[in-house]
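Enquirer: please find the sequence and the predicted model below.
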Amino acid sequence: MNNKVILSLLTLLFLMGGFCVYKTINIPTMKYVRSADLIYGFDGMKEAHLQQQKTSDDMKSRLDTLQLDFQRTVNQYNSDYPKLSKQERVEREKLLSLQQDNLRNYSQKIQENIKEQDEKLTQGVLNQVNAFVEEYSKKKGYDIVLGTTSSGNILYATDHMDITEEVTQALNEQYKVTPATSNDNGKKQE
């Protein structure tokens, strides 16, 4: 036999063997989502933000009312000042100081409460999204679904590996069918 024919046969056998090995190795199906786009494209997150904004606005409104009350009290004190005895001034100043401290403490508590509620709502939504992505990935047969962040944990991937839009759409479709809030564990509450 000719060397060229032998070389061609060996090359063909090598390629066929490589293809057979390739087919027997289980190569994981890998996809990724743009995490921020998924989270902020999710209707449940939008609803949670609206709910949080309303709660925050209500709390700030109460604080504004208390601040106005304090300002009125200060204005009244300033107006009454010339008529007050030294003892009355001291007593009213103590009351003003106490009212100001209470206002400051209440303001701090409101800020802490807003932050805590925001974290709780956000964590509930994240738990819900993570649970959905896990189930969705299993149904689609994806072995690995990575999430990108602005920090750049995925520097490059081809567009066909990006499933952000399809996951966001499926997540929102499910949310429309069964909208619910999430508790701390991400479990839906009906």
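Expert: Structure received. Residues are numbered from 1 along each chain as shown.

Enquirer: for the rest of this, base every contact and every neighbour count on C-alpha atoms.
Expert: Will do.

Enquirer: how about the contacts made by the closest residue to G41 other than its chain neighbours?
Expert: Once flanking residues are discounted, G41 sits nearest to T168: 6.5 Å by Cα to Cα, 6 or more residues apart in numbering. Shown in contact with T168 (Cα atoms under 8 Å, 6 or more residues apart in numbering): L38, G41, F42.

Enquirer: show the buried residues in the residues you listed.
Expert: Among the contacts of T168, the ones that count as buried by 16 or more other Cα atoms under 10 Å are L38, G41, F42.

Enquirer: of the residues you listed, which is the nearest to K115?
Expert: F42 (20.9 Å; Cα to Cα).

Enquirer: mind listing what the closest one touches?
Expert: F42 sits next to T168, L171, N172 when contact means Cα under 8 Å, 6+ apart.

Enquirer: go ahead and confirm the second one touches F132.
Expert: Which is L171. Yes - in this structure L171 lies within contact range of F132 using Cα atoms under 8 Å: 7.0 Å.

Enquirer: the two - which one has more neighbours?
Expert: L171 (21 against 16; other Cα atoms under 10 Å).

Enquirer: distance between the helix or strand D64 falls within and the chain's centre?
Expert: In the assignment (DSSP states H and E), D64 maps to helix 43-80. How far helix 43-80 lies from its chain's middle: 25 Å, per Cα atoms, centre = their mean, to the nearest Å.

Enquirer: helix or strand next in line after that helix, which one?
Expert: Next along from helix 43-80, by DSSP H and E: helix 86-140.

Enquirer: which positions in the helix holding D64 come out as buried?
Expert: Neighbour-count burial for helix 43-80 [16+ other Cα under 10 Å]: 43-45, 48-49, 52, 55-56, 59-60, 63, 66-67, 70, 73-74, 77.

Enquirer: so how far is F70 from the spatially most central residue of the chain?
Expert: Nearest to the centroid of the C-alpha atoms of the chain, with distances taken as Cα atoms, centre = their mean, sits T122, at 4.5 Å. According to Cα to Cα, to the nearest Å, T122 stands 34 Å off from F70.

Enquirer: equivalent analysis for E88, please.
Expert: On the measure of Cα to Cα, E88 and F70 end up 18 Å apart.

Enquirer: hang on, the earlier thing: for V145, state which of the contacts of T168 is nearest.
Expert: L38 (12.8 Å).

Enquirer: report the distance from the helix or strand hosting that closest one to the chain centre.
Expert: Using DSSP H and E, the element containing L38 is helix 35-41. Distance of helix 35-41 from the chain centroid (Cα atoms, centre = their mean) equals 8 Å.
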